[in-house]
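[1] How does the following fold in three dimensions:
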Amino acid sequence: MTTWFPVLVTFVFAAVVVGVMVSINSILGPKRPSAIKSEAFECGNPSSGGAWGRFSVRFYLTALLFLIFDVDLVFLYPWAVEIRKLGMFGFVEAVVFIAILAVGLIYAWERGALDWD
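    Residues are numbered from 1 along each chain as shown. Here you go, the predicted structure:
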């Protein structure tokens with residue numbers, strides 16, 4: 001119990017700070033609602049169509065490719081930090097991992113997954 005007490009105090013302090021900040025903002029902040037402010041905002045363009053409109057599969061495929069190639073950094077960063085300890089085996093292992101990612105990127109590129117036309 002005594003080892004977790006500082007963590008509990010930190011969480012309580014953080015919750016109090018967040019609560020105070022939100023309360024002050026809602027009490028003292030300007031309140032001037034208008035029809036323009038309550039419209040949906042789409043990157044500065046007027047909204048087109050309903051919220052349940054159909055999107056091209058390419059949007060989802062691009063998002064999935066981004067996640068795949070972004071998550072690889074989670075694996076490459078620790079490797080880069082410990083490269084000297086891992087030696088040649090770690091280097092070859094990382095090169096194989098990067099080669100697999102490159103093959104996936106080339107495949108997606110060839111299939112037109114990165115084209116926005």
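
[2] can you tell me the helix or strand for the residue nearest to the spatial centre of the chain?
    Using C-alpha atoms, centre = their mean, the residue of the chain that lies closest to the mean C-alpha position is L67, 8.1 Å off. Per DSSP states H and E, L67 falls inside helix 57-81.

[3] Report all helices and strands that that helix contacts.
    helix 83-110 (3 or more C-beta pairs under 8 Å, 6 or more residues apart in numbering; DSSP states H and E). Every C-beta, even on glycine, is put in place using the N, C-alpha and C of the backbone.

[4] Which positions within the helix it packs on qualify as buried?
    Of the residues in helix 83-110, 94, 108 count as buried by neighbour count, 16 or more other C-beta atoms under 10 Å.

[5] what helices or strands is it leaning on?
    Checking 3+ C-beta pairs under 8 Å, 6+ apart, helix 83-110 ends up next to helix 57-81.

[6] thinking again about what came up before, okay, the angle between the helix holding L67 and helix 83-110?
    Using axes from the mean of the first three to the mean of the last three C-alpha atoms, to 10 degrees, the inter-axis angle of helix 57-81 relative to helix 83-110 is 160 degrees.

[7] what's helix 57-81 in contact with?
    With contact meaning C-beta atoms under 8 Å, 6 or more residues apart in numbering, helix 57-81 is reached by 86, 90, 93-94, 97-98, 101, 104-105, 108, 113-116.

[8] pLDDT of that helix, averaged?
    The pLDDT scores in helix 57-81 average 83.

[9] again, but for stretch 30-45
    77.

[10] Quick one: distance of that stretch to the chain centre.
    Here stretch 30-45 is found 25 Å from its chain centre; the criterion is C-alpha atoms, centre = their mean, to the nearest Å.

[11] Same question for stretch 92-105.
    With C-alpha atoms, centre = their mean, you get 23 Å for stretch 92-105.

[12] hmm, who's touching that stretch?
    65, 68-69, 72, 75-76, 79, 83, 86.
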